[in-house]
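Asker: Pasting the sequence and the predicted coordinates here, then a few questions.
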Amino acid sequence: MASYRVFSRVVAYQRCLMGSSLVPRMTTRLMSGVSPQFEEAKAKLTTLKEDPGNEVKLKMYALFKQSTSGPVTTKRPGMIDFVGRAKWDAWNTLGTMTQEQAQAAYIDLVASLVQAESGAAAEEAESGQKYKCLLVTCEGGLRKITLNRPSKKNAITVEMYNEWVAALKEAAEDPGTVVTAITGAGDYYCSGNDLSNFMGIDPSNMQEYSKKSGELLYGFVSAFIEFPKPLVAVVNGPAIGVSVTVMGLFDAVYASDKATFNTPFSNLGQSPEGCSSYTFPRLMGPAKASELLLFNKKITAHQACELGLVTDVFPEASMQQEVWPKLQSFAKLPVKSLVYSKALTRDVEKDMLHKVNRAECDRLVERWTSEDCINAIMNFFSRKN
Amino acid sequence: MASYRVFSRVVAYQRCLMGSSLVPRMTTRLMSGVSPQFEEAKAKLTTLKEDPGNEVKLKMYALFKQSTSGPVTTKRPGMIDFVGRAKWDAWNTLGTMTQEQAQAAYIDLVASLVQAESGAAAEEAESGQKYKCLLVTCEGGLRKITLNRPSKKNAITVEMYNEWVAALKEAAEDPGTVVTAITGAGDYYCSGNDLSNFMGIDPSNMQEYSKKSGELLYGFVSAFIEFPKPLVAVVNGPAIGVSVTVMGLFDAVYASDKATFNTPFSNLGQSPEGCSSYTFPRLMGPAKASELLLFNKKITAHQACELGLVTDVFPEASMQQEVWPKLQSFAKLPVKSLVYSKALTRDVEKDMLHKVNRAECDRLVERWTSEDCINAIMNFFSRKN
Amino acid sequence: MASYRVFSRVVAYQRCLMGSSLVPRMTTRLMSGVSPQFEEAKAKLTTLKEDPGNEVKLKMYALFKQSTSGPVTTKRPGMIDFVGRAKWDAWNTLGTMTQEQAQAAYIDLVASLVQAESGAAAEEAESGQKYKCLLVTCEGGLRKITLNRPSKKNAITVEMYNEWVAALKEAAEDPGTVVTAITGAGDYYCSGNDLSNFMGIDPSNMQEYSKKSGELLYGFVSAFIEFPKPLVAVVNGPAIGVSVTVMGLFDAVYASDKATFNTPFSNLGQSPEGCSSYTFPRLMGPAKASELLLFNKKITAHQACELGLVTDVFPEASMQQEVWPKLQSFAKLPVKSLVYSKALTRDVEKDMLHKVNRAECDRLVERWTSEDCINAIMNFFSRKN
C-alpha cells in the first residue's frame, strides 16, 4: 500500500533527524560574543529528559547558529541530505535576525521547555498527575494554561479535549483566579484537532464514533461559551482549526508576529465549529469571513488583527516580555467588575451561541462520516511526506 | 419645457459623439510597438454589431491612444469642441498608465464586448433567448453571470431584475454549479436601478405601480437571502444603489481598484434596500454605515475593503487574470462542505433578513410616491446634461 | 486626614494659578506678525465674565505664546514654581505647531468661549434660562448642543444629565431640526460622570441614592436609543466614560486628532453603560472591545476610527472649519428620508438595546454600593494632587 511506504519513509527520516547530534554539537563548541544567560540556557538544555520533537529541535538549532554565527552563508545542501537541508532551511528562515535577538529567543525557548518539564513534574508530584497534556500554573490572580504536547504541535487528542475542559472548570471555580490565559509550549500555539483521533476507528462503528466525537466537541465549545472570567489567548505560533475558531469566544487574543491562523474546513470536507459560523461573520463581515470559513485562507497575525480576531500583535523576540506583565496587571483589577462586565456582554447572546454550537456539531457528525471528509483525511495522511 | 430642451441637447451631443469616426480611425492607422494580441483585438472590434455606448467608446479611444502614443501631451480642447474634449478627458484620465498596461486593458475590453455579443448570440441560439440582459456561462463548477447592458452602465430594468432572479434560481438548482460569480460587461459593474423604470408611469396609477415595484424588489433581494451556494461579486467598475446594498448578502466581493461604491438614497429622497439597513451597520458600525446609508458618501474600493464590504482589491490591469483562476480553484472544493458551511452562517439570521427586506420594501413603496422622491428624480433627469 | 491636606494643597495651587496675570500680560504686549482677527480675539477675551478654568487658561496662554513667539525655547522651570512650570508645559505641548496654526486655534478658542457665554446669555434672556449646563443653537436644520462646563471639563452633573435629555427631546420634536450635533466647550469633549455626584451622599441612604442614579442613567441612555433623527458627535477633545459609551448609539462621530477615548470602568470598580456592553463588541469584536470595557485602555482618535467607533478624524487646527460645513450640508437632505432610514436600522434592535440598558443600569446600582467602587472613588479623590 502506497500510504505504508510513505509512512516508513517519514519514520526513517524522523529517526535520522532525531538521532543527529544537534544538541551535543551546540553545547560543546566554544563561543565568543554570547551572554552568560545564553551559556546558562545552553547548559540547561542538556538537562531535558524528554525529546522536544523535531520542529523544536530544528528551531533550537537555527537560533543557536544565528546566535553564534549570524545569518546563514553556506550553500543549501542537496535534495538527498534530508537532515542537513532541514537544518539549513530552519537557519535560513531566521533571515537577518540579529545575534542578540536570536540569543534572546534561544533563551526563551529553552526556558519554556525546562519550565514545561519541571512544571509538569511539580504538578505531577503535588496533584497526582492531574493533567498530562497541559501545564497549569496560577500566580497573583493570573492562571496560565499551557498546551503541552510540543512534539505534536499541541494537536488536541481526546484526552487533551477533556483536560482542557477540566482546566477551564478549575479556573472558573478557583476564587484566586482573576484572568486565565491559554498558550502553547514550543513553536506552535495549537495545530487543532489531532487527526489521529480519526485513526483506528472500527469502520462498522463509524456512526457511533462520530456521534461521540460530536458530543466531545459540543462540551468543549460550551466550556468557552460559559467561561465566566476574562479569557485570553497568548498565541505564540501557528494556530489551526478549532484552536482558531474558539478564539471568537475569548476576551482578548495577543499574538506573536510569527503566528498564523488557518481553518481549512472545506479542504478537509468539513464545516466550521467553535461558533465561528456565527462569531467570524459578526467580527469581520461575511466578505472576509468566507475566505476563512469557506475558502481555507491562512492569514498572518497582522491580518487577523486587522480583522478583529486578534487584539494586538507583538514581535516574537519580545512577546513573552511584553504580554505577561500586561496580563499580570489585568489580574490585579477587581474581579467582580470584570466578571459582571463580561456577563453583560456574553449573557445577551449565550442562548444563540449554544444553538449555533449545537447546529455546528450536528453538521460535523454528518460530515465526519461523509465521503468528502474521509477522502480528504486519507489524502492528508498520504501527502504527509 | 426646460427638461425637453435639455433632453434635445443631450441627444444631439450623443449623436455627434456616436457619429464620430472613433473606430475607423483606430483600426486604419499603422502602428509600431503593439502586440499581435492588440492587433487582433483591434480587428475584432470591427465585427461588433451593437453600439457599446459612448462611455465604452470613449474608454476604448483612450486606451487605444495610450497604447499607441503614451500619455496625452496635447492641450485640452475648448468648451465648444464637445467631442474632442470628451475624448481628450478620457485619454487624460489614464494618467501615466504604461503602453503595455493600456494594451492589456484594451485587449480585455474588446474581448469582453465580443464575448458579451457572441455569448448572447450563442445563448440565444441554444436556449431560445433565455436571457436578454445577462450573459450566463458555466465551466468547471464556476458559473459566471454577466450583467450585459454595457451601453446603459448595466442599469437594472424590470426585465433585468426578473432575469437576475431566474439566473440565481438556475445556479442554485444546477448540480454542476459550485461557485456563482456576478460581474458587469464593459466599464461599470452596475449603475443600480434604471431610473427610466420610473418614467412613463401613468400618474393616476402611481400607488399601484409603486406597490408592484416593491414586490419586484422584495423578490429580488429574497433571491440573494435564499441563495444556498457561495456567491461572489467581481466588481469590475463603479457600483451604485441596489447593486451595492445586496453585496452585504454575498459571500465574497473582489473589486478592481477602479471600482467605486455609492448608495445615494437620501439624495434621491429614498431609503436603503437590499438588507443594507441591517447588514451595513453590522459590518462597519453605525458611525461608518451612516455616511453611506444616510449621507450619500461615495467610497473607493480600498475604503470599501477597509470597511469589510469588499474582500480584496486588485489592480484594474491584472484583476481579470487574478480573480477568475482563484474562483476556479474555489469551484473545485467539495460543494456540500461549502453549502453546509454557508447554511450555518445564513440560517441563524435568515428570518431577520426577510423581516428587514419586508420593512425596507414597504418603506420604499411609501418613498417612491413621496414628494421628496419625485422631486429628486425630476432633478436628476434635468441635471443630466 | 490625609485627603483633606491633599485638598487644601490643590485649592492653594488653583488659587495661585487663577490669580496669576495670564490674561493681562497677553493683552498688553505689543506684537508683530499677528492677524487682525488675532488682535480682535485678544480684545474679546477681556470681555469674558466667567473664569474659563485653569485648563482652558493654560491652553490659551500656550497658544498665545506659540502665536507670537513660536515654540518654547526657555528651560523648564523648577519643581517649586508650580505656575511657571504648568505654563511652560502647556506651551511645550504645542511642539512645532506654526504661528499661523496657533493663531487660528487661539481665535477659535476665544470665539467658542465668547459664544458660549453670549449664547448662554441670549438663551437665558429668550427662554428664561432654559439650560444652565448646555448651549443650544439651531440654524438651517442643524441643531448644535454644546456641553458647556469647560472649567469642569464638561463633567456631567445630575443637572446636566436632565438638561441633555430635555435638549434631545426638544431636538426630536422641533420640525426645523434635521441633524443634531453634540460637542464640548473648551478643551474637553466630556469627562464623563461628574464624580462629585457621589459626594455628599448620606451613607445611610446610599442604596436609595444608587437606585435613583440608576434611573437617571437609564433615562439618559434611553434618550439616545429613541432619538429619531441623525445624531452626530463632534468630539473636540478627550472623552471619558458615559460620553464615550453612548457614542455607539450615534449615527456619526467626527473627532479631532487630539481627542482620546477612555472608559475606565474596572479601574473604578464599575461596569459598562450606554449599551456599550452590546454595541462595542458588535462594532469591533470582543478581542478589541475587552481592552476598552474590561481593561481600561485609553485610545486615540485614530485608533477609535480604525475600530469603527469614530467616523472620521480631523486635524485639530482645521476640524471646526471642516466638520460644521459638512453637517450643514447634511442638514439640507430630505428629513423624512433620513428619519425613515435611521428607523430601519434602529427599529430591529431597539428592544435589545432597552434590555441591555436595563441590565447595565441594574448592575451599576449594585456596583455603586460595592466596596470595589467606593474604594476606587476614594482613591481617585485622594490621588488628585
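Answerer: Received, thanks.
Asker: Give me the buried positions along the longest helix along chain A.
Answerer: Determined from DSSP state H, the single longest helix within chain A is helix A:335-368. For helix A:335-368, the neighbour count (16 or more other CB atoms under 10 Å in any protein chain shown) marks A:335-346, A:348-349, A:353-354, A:356-357, A:359-361, A:363-365, A:367-368 as buried. All C-beta atoms are positioned from the backbone trio N, CA, C, and that covers glycine.
Asker: Next up, phi/psi of A:Glu100, please.
Answerer: phi -70, psi -50 (degrees, to the nearest 10).
Asker: follow-up on the earlier one: what helices or strands is the longest helix of chain A leaning on?
Answerer: Counting contacts by 3 or more CB pairs under 8 Å, 6 or more residues apart in numbering or on different chains; DSSP states H and E, helix A:335-368 packs against helix A:206-226, helix A:276-284, helix B:335-368, helix C:276-284, helix C:286-293, helix C:335-368.
Asker: Output these in a markdown table; the columns should cover distance to B:Ile107 and mean pLDDT.
Answerer: Listed next are the helices and strands packed on helix A:335-368 as a markdown table, based on distance: least, CB to CB, whole Å; pLDDT from 0 to 100:
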| stretch | distance to B:Ile107 | mean pLDDT |
| --- | --- | --- |
| helix A:206-226 | 51 | 95 |
| helix A:276-284 | 36 | 97 |
| helix B:335-368 | 33 | 97 |
| helix C:276-284 | 44 | 97 |
| helix C:286-293 | 45 | 97 |
| helix C:335-368 | 43 | 97 |
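Asker: Between those, which one is closest to A:Phe330.
Answerer: helix C:286-293 (9.5 Å; CB to CB).
Asker: hmm, back to that, export the helices and strands packed on helix A:335-368 as TSV, with columns for distance to C:Gln328.
Answerer: Listed next are these as TSV, based on distance: least, CB to CB, whole Å:
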stretch	distance to C:Gln328
helix A:206-226	48
helix A:276-284	35
helix B:335-368	24
helix C:276-284	27
helix C:286-293	32
helix C:335-368	14
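Asker: Of the ones you listed, which is nearest C:Glu117?
Answerer: helix C:335-368 (31.5 Å).
Asker: related to what we said a few turns ago, which stretch among the helices and strands packed on helix A:335-368 comes nearest B:Glu306?
Answerer: helix A:276-284 (11.5 Å).
Asker: so how far is B:Met352 from A:Ala317?
Answerer: Separation of A:Ala317 from B:Met352 (CB to CB, to the nearest Å): 46 Å.
Asker: oh, I was asking about A:Tyr106
Answerer: From A:Tyr106 to B:Met352 the distance is 53 Å (CB to CB).
Asker: can you check A:Ser210 too?
Answerer: For A:Ser210 relative to B:Met352 (CB to CB), the value is 32 Å.
Asker: what about A:Glu306, neighbour count?
Answerer: By the measure other CB atoms under 10 Å in any protein chain shown, the count of residues near A:Glu306 is 17.
Asker: Kindly report the residues of the stretch 151-300 of chain A close to chain B.
Answerer: Selection of the stretch 151-300 of chain A residues close to chain B by CB under 8 Å from any CB of the partner chain yields A:265-267, A:269-272, A:277-278, A:281-282, A:284-291, A:293-296.
Asker: and the stretch 251-385 of chain A, which of its residues are near chain C?
Answerer: Checking the stretch 251-385 of chain A against chain C by CB under 8 Å from any CB, the hits are A:251-253, A:282-284, A:308-311, A:330, A:333-334, A:336-338, A:340-342, A:344-345, A:347-348.
Asker: what lines up beside the helix or strand encompassing A:Ala255 in the sheet?
Answerer: Per DSSP states H and E, A:Ala255 falls inside strand A:252-256. Under the criterion DSSP bridges, strand A:252-256 sits next to strand A:231-235 (parallel), strand A:312-314 (parallel) in its sheet.
Asker: among the ones you listed, which is nearest C:Ala185?
Answerer: strand A:312-314 (35.1 Å).
Asker: Give me the contacts around that closest one.
Answerer: With contacts defined as CB atoms under 8 Å, 6 or more residues apart in numbering or on different chains, strand A:312-314 is touched by A:254-257, A:259, A:301-302, A:305, A:322-323.
Asker: so the helix or strand following that strand versus helix C:286-293, what angle?
Answerer: Once strand A:312-314 ends, the next helix or strand along the chain (criterion: DSSP H and E) is helix A:316-330. Counting by axes from the mean of the first three to the mean of the last three CA atoms, to 10 degrees, helix A:316-330 points 50 degrees away from the direction of helix C:286-293.
Asker: how does chain A divide up, domain by domain?
Answerer: Per automatic domain parsing, the domain ranges recorded for chain A read A:20-112, A:131-383.
Asker: hey, which of those domains is tucked in deepest?
Answerer: Among the domains of chain A, domain A:131-383 has the highest mean neighbour count (mean count of other CB atoms under 10 Å in any protein chain shown), at a mean of 20.
Asker: correct me, but A:Val348 touches C:Cys275?
Answerer: No: contact criterion CB atoms under 8 Å: A:Val348 and C:Cys275 do not qualify, at 10.4 Å.
Asker: Give the intersection of the neighbour lists for those two.
Answerer: Taking CB under 8 Å, 6+ apart as the criterion, A:Val348 and C:Cys275 both touch C:Val356.
Asker: and A:Ser271, helix, strand or coil?
Answerer: coil (DSSP: H, G, I helix; E, B strand; the rest coil).
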